[in-house]
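*Asks:* Structure of the sequence below:
(chains A and B)
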2 protein chains.
Amino acid sequence: MEKFDLHILGCGSALPTSRHFPTSQVLNVRDKLFMIDCGEGTQMQFRKARLKFSRLHHIFISHLHGDHCFGLPGLISTLGLLGRTAELHIHAPQGTEALLAPTLDFFCQQQPYRICFHEFDDRRPTLIYDDRSLTVTTIPLRHRIPCCGFLFAEKPGLRHIVRDMIDFYSIPLYELNRIKNGADYQTPEGERIPNDRLTLPAAPPRRYAYCSDTLPLHSVANQVEGVDLLFHEATFANPDAPLARHTFHTTAAQAADLARKAHVKQLLIGHYSARYDDETLLLDEARNIFPATRLANELQCIAIGKD
Amino acid sequence: MEKFDLHILGCGSALPTSRHFPTSQVLNVRDKLFMIDCGEGTQMQFRKARLKFSRLHHIFISHLHGDHCFGLPGLISTLGLLGRTAELHIHAPQGTEALLAPTLDFFCQQQPYRICFHEFDDRRPTLIYDDRSLTVTTIPLRHRIPCCGFLFAEKPGLRHIVRDMIDFYSIPLYELNRIKNGADYQTPEGERIPNDRLTLPAAPPRRYAYCSDTLPLHSVANQVEGVDLLFHEATFANPDAPLARHTFHTTAAQAADLARKAHVKQLLIGHYSARYDDETLLLDEARNIFPATRLANELQCIAIGKD
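*Replies:* Numbers count the residues shown, from 1 in each chain, chains lettered A, B, ... in the order given. Prediction:
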């Protein structure tokens, strides 16, 4: 199965602790790396996770709070020092380029590569990335400032060739693409071999949704319906629900309730408030409502659709 | 003995590795914390070192390269979130305040405390801090951009009272300050007790010099003559001396040579280039010239004048 792996680089919130870095994740889709948020220390965690800078071309920033973007100047500088020439694309809310400009102008003047900013409208779901195998769509969230999550969706793959059958019918190589796309095969003798004798179904396309920071939203539940993995912030435990509401965050119970309503396959919670010494209480609270919940943790790697 | 402890938070150079954070140190002088440089990740390392943000009032920035200052926005935000009200003083090269302004204006609008910038002239040694027990003086360095090191010097302390002698002569409490300052004591009977029977000498004042980033300089050797501990950058090993020269850095051998000429008591090297997987070669190179050399390492704490 092609890679669709999520690496957690940081899963703390605004106040980093001795255990958690601020938010950053990397989704590895067939060895292309997609970074989601870039809190302070991201580049160090990226190295610790043994990921390759040369495979990173797209960074998605949910919102302009420091714990989600203070790692950008350091990462951008480092890529320059490493001699990068490939463009780097930063997908972020409106205003990001202007905000970063003075810092980049001063510290990264002689950058050998180009940074392309793509600023999105945070008010409606928007397709912001599209390649042969993947789309990325924004998920409008509700936080104290404009904020979006991201839905990463694999495109349906090709059917898998059954090698033995291809050999049996001596099917020429140039027919294989058509067969992978679902076509039947006609032998030189005129016999029609139905596609399902020659192929196995493609692996089901996988989807990953990232939602942080936000109040719990019905619209999110609709948009992430049935995803293989939902990362949802669970900054607080339910006894702190008033504080969550006040700061436009979500509790573990609320995240679990949303996961249940959205019929997601698995829920990953994170963005923990520094007030909890042990996140087990968040996990227990969520599992009571949605058993397929797990806790995010630094340098964890999840093979989505497999684990 | 009063605290005069150096904490290493990061001792890597521009390219962070999985082993080293970019530069930051904290000098603890009698529980007042003085931060020197603030690379990305400093606030996380500060917590790991179990230091207290409430005791931090002064930050000294050597120069405006990212690996020495990209941790400032995160640290400044965090102090605000913790409800700080005390002023924070940032001593830094000219231009620092203007450079940070757009970032702080955007991310730290509702900061509950004031930041006071004190920008220094990098061309001549300047007294930039002075309190009852400590002075800090800049050490002009030579790097690709304006850069200064810092000399932290304890002021001479008071002599130590010998409790038994005070009791023996029934010396009243109000006399003690004069005696600590070196005065003799006259008994009610008119007998003069010389100070050195009543006191022991004060602990010798300690000095710490921080020099990074720079070419090796004679002027530095003069200014740090005899210090208890010299931190000097040793970005490269001597076989890479041409590269050190080209990038305005120092080799381990050059740092050791400078330490020897300056008769410092101990040399601490750091700011390691990412090219060395193991810094033992830097240590060996330096110790050949100046045996009292040690390697800086993250979360190390050195009791200066004691260790």
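*Asks:* what comes into contact with the longest helix anywhere in chain A?
*Replies:* Of all the segments of type helix in chain A, defined by DSSP state H, the longest one is helix A:96-107. Contacts of helix A:96-107 from elsewhere in the structure, counted by Cβ atoms under 8 Å, 6 or more residues apart in numbering or on different chains, are A:61, A:64, A:69, A:72-73, A:76-77, A:90, A:111, A:115, A:117, A:119, B:64-66, B:99, B:102-103, B:106. The way it works is simple: take the backbone N, C-alpha and C, and place the C-beta from them, glycine included.
*Asks:* Please flag which of the residues you listed sit within helices.
*Replies:* Counting by DSSP H, the part of these found in helices is A:69, A:72-73, A:76-77, B:66, B:99, B:102-103, B:106.
*Asks:* circling back to that earlier point, now the longest helix of chain A: mean pLDDT?
*Replies:* Across helix A:96-107, pLDDT averages out at 96.
*Asks:* Which positions within it qualify as buried?
*Replies:* For helix A:96-107, the neighbour count (16 or more other Cβ atoms under 10 Å in any protein chain shown) marks A:96, A:99-100, A:103-104, A:107 as buried.
*Asks:* cool, stretch A:118-136 as well?
*Replies:* Along stretch A:118-136, these residues count as buried under the neighbour rule (16+ other Cβ under 10 Å): A:119-120, A:122, A:125, A:128-129, A:133-136.
*Asks:* Then stretch A:146-164?
*Replies:* For stretch A:146-164, by 16+ other Cβ under 10 Å, it's A:146-154, A:157, A:159.
*Asks:* Quickly note the distance from the closest residue to chain B within the stretch 51-200 of chain A to B:E40.
*Replies:* Closest residue of the stretch 51-200 of chain A to chain B, Cβ to the nearest Cβ: A:G74 (4.2 Å). Distance from A:G74 to B:E40, counting by Cβ to Cβ, to the nearest Å: 4 Å.
*Asks:* Look up phi and psi at the residue sitting furthest away from the middle of chain A.
*Replies:* Among the residues of chain A, the one whose C-alpha is farthest from the average of all C-alpha positions is A:E189, by Cα atoms, centre = their mean at 49.6 Å. In this entry, A:E189 is assigned phi and psi values of phi -80, psi 0 (degrees, to the nearest 10).
*Asks:* Pull the most distant pair out of the buried residues of stretch A:118-136.
*Replies:* Taking every pair in the buried residues of stretch A:118-136 and measuring Cβ to Cβ, the maximum separation is 26.0 Å, between A:D122 and A:S133.
*Asks:* Can you give me the neighbour number for the residue nearest to A:F21 when sequence neighbours are not counted?
*Replies:* If the residues on either side of it in the chain are set aside, A:F21 comes closest to A:G10, at 3.1 Å by Cβ to Cβ, 6 or more residues apart in numbering or on different chains. The burial metric for A:G10, expressed as a neighbour count using other Cβ atoms under 10 Å in any protein chain shown, is 29.
*Asks:* Near chain B, which residues of the stretch 101-250 of chain A? Just list them.
*Replies:* The stretch 101-250 of chain A has residues A:102-103, A:106-107 near chain B, with proximity defined as Cβ under 8 Å from any Cβ of the partner chain.
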